[in-house]
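> following is a predicted model, sequence given first.
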Amino acid sequence: ITDAHVDAFRDAWAEIDPDALQRISLTDLPRLVMATPYPLGLKNKVTNTLRSDCMKLVKQLDIKVYNPGVSSGDMGGIDWITYYDTLDALVRHAFPSIQDAAMVGLEVVSESLTSIEKQLASKKEANL
């Protein structure tokens, strides 16, 4: 996994999570997969069955789902997934030989989150 892979994932995530909450609705996962460049996602992958490939990939991912069926909290009863869990699952899927995806590029992931937090702070300052 390279910095470019994580940067591309971060950019796709930021489109869905513009407030940098580090979580999105589970229903947004297919959109994220389609917006994340290959090999982590399916953007720019040439295939005749892209939609089918997307749904297949989503079903294969082992991502912890939070708030399943509970009507409380910030997400209002919606099942949600986190940035780290999703990145980890996509790395494991794209690079199956990696034993501990969470340790691969951890520094890069931290830098990505710092960048997102800085962008959010800038937006808030601009709105004041």
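Okay, I see it.

> quick check: residue 88 is in a helix.
Yes - counting by DSSP: H, G, I helix; E, B strand; the rest coil, residue 88 is part of a helix.

> count of neighbours near it?
23 (other Cβ atoms under 10 Å). For glycine as for every other residue, the C-beta is placed from the backbone atoms N, C-alpha and C.

> ditto for the one 4 residues further on
Counted with other Cβ under 10 Å, residues neighbouring residue 92 total 20.

> doesn't residue 60 make contact with it?
No - with contact defined as Cβ atoms under 8 Å, residue 92 does not count as touching residue 60 (9.9 Å).

> low-confidence ranges in this structure?
The chain contains residues with pLDDT under 70 at 46, 68-77, 98-115, 117, 123-124, 127-128.

> please redo it, this time with the cut-off set to 50
71-72, 101 (pLDDT under 50).

> which stretches of it form helices?
For the chain, the helices defined by DSSP state H cover 3-16, 29-35, 50-60, 83-94, 106-127.

> and the ones you listed as TSV, adding distance to residue 41?
Output for the helices of the chain, formatted as TSV (distance: least, Cβ to Cβ, whole Å):
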stretch	distance to residue 41
helix 3-16	7
helix 29-35	5
helix 50-60	8
helix 83-94	7
helix 106-127	15
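
> go through these and pick out the most buried.
helix 83-94 (a mean of 21; mean count of other Cβ atoms under 10 Å).

> keeping just the C-alphas, turn that one into CSV.
Output of helix 83-94 as CSV, limited to C-alpha atoms (Å, rounded to 0.1, in the frame of the first residue of the first chain):
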residue,chain,number,x,y,z
TYR,A,83,-12.8,5.5,8.6
TYR,A,84,-10.2,3.2,10.1
ASP,A,85,-12.3,0.0,10.0
THR,A,86,-13.2,0.7,6.3
LEU,A,87,-9.7,1.5,5.2
ASP,A,88,-8.4,-1.6,7.0
ALA,A,89,-11.0,-3.8,5.3
LEU,A,90,-10.3,-2.4,1.9
VAL,A,91,-6.5,-2.9,2.4
ARG,A,92,-7.1,-6.5,3.5
HIS,A,93,-9.2,-7.1,0.5
ALA,A,94,-6.9,-5.5,-2.0
